[in-house]
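Asks: A structural model of the following input is requested.
(2 chains)
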Amino acid sequence: ETGVTQSPTHLIKTRGQQVTLRCSSQSGHNTVSWYQQALGQGPQFIFQYYREEENGRGNFPPRFSGLQFPNYSSELNVNALELDDSALYLCASSLVGGQYNSPLHFGNGTRLTVT
Amino acid sequence: DAKTTQPPSMDCAEGRAANLPCNHSTISGNEYVYWYRQIHSQGPQYIIHGLKNNETNEMASLIITEDRKSSTLILPHATLRDTAVYYCIVRGPNTGNQFYFGTGTSLTVIP
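Replies: Residues are numbered from 1 along each chain as shown, chains lettered A, B, ... in the order given. Prediction:
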């Protein structure tokens, strides 16, 4: 069974630039979620996708956007990067439309540094 | 959905049981308790979850009080590799995959 994989593992961008992070869901999972984890804090929910549509969003501005593809892989896009966007970005997948008794499985994240 | 309260840090001697408490006094009847842990620079790792019965798997045991207002994660024989931040999360039908992690408990296993 292949777990959740994310790429790249590390990334350095300049303020104002745009970034795309990628995620491959665990085999058989059809729901994907993205989280942001600032240094020293717990992960914070950005949004989730099911059937290629966003169906839940946390307190993040519209410059954070995403895509889910037919093979259930996903992208997180962040426009107009700010210094505070520096964080570990985590992707998580789950089985069967995000039923609440189905665990989320996380990747090891992409470490984004904005200078 | 209910939020949780955990002690910020705990120590445990290697080989002894680690008992990590979590309060979730506003939990609803259809909300599950989930436990994850995060080792430095890695993604959160799923440990165990339960609704109202005690649960056990190869990693840990989860004890949920009868009133469901608190729970305890038990690592029966802690090793140095169990040093991590442990998160207790409540999840229900309105939560979806929107987990509220809080700040967790930083467990240090001491040789």
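Asks: how much space between the residue sitting nearest the centre point of chain A and residue B:80?
Replies: What sits nearest the mean C-alpha location of chain A, by Cα atoms, centre = their mean, is residue A:34, with 2.9 Å. Here residue A:34 is placed at a distance of 32 Å from residue B:80 (Cβ to Cβ, to the nearest Å). (C-beta placed from N, C-alpha, C; glycine too.)
Asks: which strand residues bridge the residue nearest to the centre of chain A?
Replies: Beta bridges link residue A:34 to residue A:47, residue A:91 when assigned by DSSP bridges.
Asks: quick one: the helices in chain B, in order.
Replies: Counting by DSSP state H, chain B forms no helices at all.
Asks: which residues are in contact with the residue located most distally from the centre of it?
Replies: In chain B, residue B:111 marks the outermost C-alpha relative to the chain mean, sitting 22.4 Å out by Cα atoms, centre = their mean. Residue B:111 makes contact with B:14, B:80, according to Cβ atoms under 8 Å, 6 or more residues apart in numbering or on different chains.
Asks: least confident secondary structure element in chain A?
Replies: strand A:53-57 (a mean of 90; mean pLDDT, DSSP states H and E).
Asks: does chain B have contacts with the helix or strand that that one is followed by?
Replies: Later in the chain than strand A:53-57, the nearest helix or strand by DSSP states H and E is strand A:64-68. No: against chain B, strand A:64-68 shows no contacts by Cβ under 8 Å from any Cβ of the partner chain, the least distance being 12.5 Å.
Asks: does any part of the helix or strand just after strand A:64-68 sit near chain B?
Replies: Using DSSP H and E, the helix or strand that follows strand A:64-68 in sequence is strand A:74-78. No: judged by Cβ under 8 Å from any Cβ, strand A:74-78 stays clear of chain B, getting no closer than 12.2 Å.
Asks: buried sites along strand A:74-78?
Replies: By 16 or more other Cβ atoms under 10 Å in any protein chain shown, the buried positions in strand A:74-78 come out as A:74-76, A:78.
Asks: ditto for stretch A:49-59
Replies: A:49-50, A:56, A:58.
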